[in-house]
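**Q** Predicted structure and sequence below. I'll ask about it afterward.
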Amino acid sequence: MARLKADRIRNIGVIAHIDAGKTTLTERILFYTDRAHRMGEVHDGTAKMDYLEEERERGITITSAATSCTWKKHRINLIDTPGHVDFTVEVERSLRVLDGAVVVVCGVAGVQAQSETVWRQANRYSVPRIVFVNKLDRVGADFDGVVSDVSRRLDVKAIPVQIPWGAEKDLVGVVDLVEMRALRFIEGSLGKDVVEEPVPSELVDEAKLARQAMLEDLADCIDSFAEIYLEHEMDCSTQAVRAALREGTLNLKFVPVLCGSAFRNVGVQPVLDAVCEFLPAPDEVPPARGMNPRTEKEEERSSDPEGPLCALIFKTIYASQGDLVFTRVYSGRLKVSEQVFNPRTGKSERVNRMFLMHADEREALDTAAAGDIVAVVGLKNSKTGDTLCPKGDPLLLEGLHAPEPVISMSIEPHSLKDKDELVRVLELLARDDPSFVWRVDEDTGQMLISGVGELHLEILRHRIERDFGMAIRVGEPRVAYRQTLGGSAEAEAVFDRMVNNRALYACIRLRVESDESAESVVVVNEMDGEDVPRLFHAIIEAAAADAASGGLAMGFPVSGIKITLLGGAARDQSSTDVAFSHATHLAFREAAEKAEPVLLEPVMEFEVSCPMEFLNGVNADLNGRRARVSGMSTNSDPATIRGRVPLSEIFGYSTVLRSLSQGRATFSVEPRAYEPIPAGRAGQLVT
């Protein structure tokens, strides 16, 4: 692979709500860049980027897939991501290492639930974006309405740089507002031949108004362009307009909006042009920041191939011939046969092989440099979120944010002799997927697997059966409830017993309370070193955290609890680690009972798209599911209903919705928060 200068590299992702057309757009990109000789289609299972058997059977993207292609002397490293909320961690880890993104929005449905989710994820990592309004060939498509939807629901200034040429089935091309030209995509060449024409007479007035609006928006956002606009107005040079669009996109002041229909092969090449013109090169993004584990000070690494190695592992895939470890190189060079250091484990590992990936195909490499995204084979003790660097110049980058599991089910092997093998498989899956968790229930001894949704667990179950060849039994999915405290309480406990003819004594006083800022348990030590010797403080803190993690009265995992250690007492010879550990557990149990434990349930944000004729029935059904409707759009058909609903109320809801709407309504959800469950329902769970 020929090495390009950094300004010729683009690392981008394609992100969107499910069925918005991400993979279809990616397949066209591969075809037009001559990376693929034919277009794959999602609906018939031939999409190159959906290479897993499960993806081709279901017609959805499950795992992010990486590829690389060339367009106008630029190399574009591209990651196609899933749109289903159950696999949102794939979007998360992709955006963590990408420099830019193409957000695909449906021209009919507009901004949907997962559109908002991926937008928030891109905001978290300050990723510059362009928007592609897709499916404008569909009945009911509304480009202007979608642009307004993007601005309103995503809280961003959306600046159209194109308008569609034709509508619905008559869509033939786009009008480029920057150069005021029309682009027609020839059907006979599958859109590969693009003919430039003057703006059609029937669109001239509309195009002029749209261009003026674009220039005014640029002048509002970019001071340097405002001077040019005041002097030249509509005669601003193409070069000045493109420079303003690039500056505003890189600084996250707005998003350029393009349009077309990927399935109809309209408008894809201008998206590639926009990626090269408006999205950043690796050396145009802020330097990677991390902590030096030796000095515990923050340091940064700029995108310099000659600098010290700094690379982040953002994904691992189990493979019998050697696990694939996907890595973004931020600084320096990563070379085959060289040792790399992992500051998390404190160990060095050897890079045996390295590849540039094209979905499931591999192109061997000897070296990767700053800005590259590659897959490495040979790392045995590294996992998602780890940093690779020189041992003599270590840096620990920030890892990934993984969504919390909200649903779980029991799992067991058909044969007890396979239990150890099942544990090994679950550990591999948890290593590859940060949103998947498994544990053994201390009370029942059952193995429990937890994930983001029903589909997530179903896919994982199929992987265990297909990829690992294991026969398993699983229970029905169940909600991953949590507990917290309704108030605050203090308690003092004394452990004073004879154990093995030895007197043991310890006294602990503590306070428990809810703390919404805490993900699980926070322990604060305010004990005096005179009352409780400091040599016992660490064991007491650990015992307090352990007591809370063991659950409250109902046995569910705890969330948002603060434990403050207030004091205690000790006796010479009689006070030991064991005594203080027991006293701490007793004090926590008593205080927690006084503080009134509260049961929490996961609440999902939902969006239902429903034909108007079925709206009343769908609304009535949602009300019966404890749904709280926050918004309803009935200006167009289908109508859209948005709100929140407890996860426990929507198991199997897709089937019910199909029945209520003759199969014409759609439904999407995403985890939003944990909220107190009504007292009556909490009582049912306890009994």
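**A** It's in. Only a predicted model underlies this, so the values are computations on that prediction, with no experimental measurement involved.
**Q** how about stretch 287-306: buried residues?
**A** Under the neighbour-count criterion of 16 or more other Cβ atoms under 10 Å, stretch 287-306 has 287, 288, 290, 291, 299, 301, 303, 304, 305 buried. Yep, even glycine has a C-beta here, placed from its N, CA and C like the rest.
**Q** err, stretch 16-35, not the other one
**A** Using 16+ other Cβ under 10 Å as the test for burial, stretch 16-35 gives 16-33, 35.
**Q** Who are the contact partners of residue 82?
**A** Residue 82 is in contact with 18, 60, 61, 62, 63, 64, 88, 90, 91, counting by Cβ atoms under 8 Å, 6 or more residues apart in numbering.
**Q** Looking at those residues, which are in helices?
**A** Mapping the contacts of residue 82 onto helices (DSSP state H) picks out 88, 90, 91.
**Q** confidence score at the most centrally placed residue in the chain?
**A** Nearest to the geometric centre of the chain sits residue 92, at 2.7 Å (Cα atoms, centre = their mean). Residue 92 is assigned a pLDDT of 88 by the prediction.
**Q** who's in contact with it?
**A** Each residue near residue 92 by Cβ under 8 Å, 6+ apart is listed here: 121, 400, 401, 402, 403.
**Q** ok, now residue 429?
**A** Contact analysis of residue 429 by Cβ under 8 Å, 6+ apart lists 318, 436, 438, 460, 463, 464.
**Q** so what's the first one closest to, chain neighbours aside?
**A** Of all residues not flanking residue 318 in the chain, residue 428 sits nearest, at 5.1 Å (Cβ to Cβ, 6 or more residues apart in numbering).
**Q** so the one you found is in which element?
**A** Element membership of residue 428 [criterion: DSSP states H and E] is helix 419-432.
**Q** swap in residue 495?
**A** strand 488-499.
**Q** between the following helix or strand past that strand and strand 488-499, how many degrees?
**A** For strand 488-499, the following helix or strand on the C-terminal side (DSSP H and E) is strand 502-514. For strand 502-514 against strand 488-499, the angle by axes from the mean of the first three to the mean of the last three Cα atoms, to 10 degrees is 170 degrees.
**Q** what helices or strands is strand 502-514 leaning on?
**A** Helices and strands touching strand 502-514, as assessed by 3 or more Cβ pairs under 8 Å, 6 or more residues apart in numbering; DSSP states H and E, comprise strand 482-485, strand 488-499, strand 561-569, helix 577-594.
**Q** Give me the contact list for the shortest one.
**A** Outside strand 482-485, the residues that touch it by Cβ under 8 Å, 6+ apart are 512-514, 551-554, 556-561, 592, 595-600, 674.
**Q** let's see 6 Å
**A** Strand 482-485 has contacts (Cβ atoms under 6 Å, 6 or more residues apart in numbering) with 514, 552, 556-561, 595, 597-600, 674.
**Q** Likewise for stretch 325-337?
**A** Stretch 325-337 has contacts (Cβ under 6 Å, 6+ apart) with 97, 288, 301, 304-305, 307-316, 351, 354, 366-370, 372-376, 379.
**Q** Narrow those residues to those that are buried.
**A** 97, 288, 301, 304-305, 307-316, 351, 354, 367-370, 372-376, 379.
**Q** Strands along the stretch 151-300 of the chain, start to end?
**A** 158-160, 162-165, 173-176, 181-185, 194-197, 255-259, 288-292, 297-301 (DSSP state E, counting those that start in this stretch).
**Q** what's near enough to touch the residue nearest to residue 512 when sequence neighbours are not counted?
**A** Nearest residue to residue 512 in three dimensions, chain neighbours excluded: residue 591, at 4.4 Å (Cβ to Cβ, 6+ apart). By Cβ under 6 Å, 6+ apart, the contact set of residue 591 is 489, 491, 512.
**Q** So which of those residues wins on neighbours?
**A** residue 512 (29 neighbours; other Cβ atoms under 10 Å).
**Q** Distance check, residue 240 against residue 178.
**A** Distance, residue 240 to residue 178, by Cβ to Cβ, to the nearest Å: 10 Å.
**Q** neighbour-wise, which of these two wins?
**A** Ranked by neighbour count (other Cβ under 10 Å), residue 240 and residue 178 place residue 178 first, with 21 against 18.
**Q** quick one: secondary structure of the spatially closest residue to residue 581 that is not a sequence neighbour?
**A** Distances taken as Cβ to Cβ, 6+ apart place residue 543 nearest to residue 581, at 4.2 Å, with adjacent residues excluded. Of the three states, residue 543 takes helix under DSSP: H, G, I helix; E, B strand; the rest coil.
**Q** Report pLDDT for residue 543.
**A** Each residue has a pLDDT score; the one for residue 543 is 93.
**Q** right, and it touches residue 584 too?
**A** Yes - with contact defined as Cβ atoms under 6 Å, residue 543 and residue 584 form a contacting pair (3.9 Å).
**Q** So for those two, which sits in the more crowded spot?
**A** residue 584 (29 against 24).
**Q** List the contacts of the more buried one.
**A** 508, 540, 543, 544.
**Q** pLDDT weak spots in the stretch 301-450 of the chain?
**A** In the predicted model, the stretch 301-450 of the chain carries pLDDT under 70 at residues 320, 442-444.
**Q** Please enumerate the strands of it.
**A** Counting by DSSP E, counting those that start in this stretch, residue ranges of the strands within the stretch 301-450 of the chain are 310-317, 324-331, 333-335, 339-342, 347-350, 353-358, 361-364, 367-369, 373-377, 387-388, 396-397, 407-413, 437-440, 447-451.
**Q** can I get these in JSON lines with distance to residue 279?
**A** Converted to JSON lines, the strands of the stretch 301-450 of the chain look like this (distance: least, Cβ to Cβ, whole Å):
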{"stretch": "strand 310-317", "distance to residue 279": "19"}
{"stretch": "strand 324-331", "distance to residue 279": "16"}
{"stretch": "strand 333-335", "distance to residue 279": "24"}
{"stretch": "strand 339-342", "distance to residue 279": "29"}
{"stretch": "strand 347-350", "distance to residue 279": "33"}
{"stretch": "strand 353-358", "distance to residue 279": "20"}
{"stretch": "strand 361-364", "distance to residue 279": "23"}
{"stretch": "strand 367-369", "distance to residue 279": "20"}
{"stretch": "strand 373-377", "distance to residue 279": "15"}
{"stretch": "strand 387-388", "distance to residue 279": "25"}
{"stretch": "strand 396-397", "distance to residue 279": "22"}
{"stretch": "strand 407-413", "distance to residue 279": "36"}
{"stretch": "strand 437-440", "distance to residue 279": "35"}
{"stretch": "strand 447-451", "distance to residue 279": "32"}
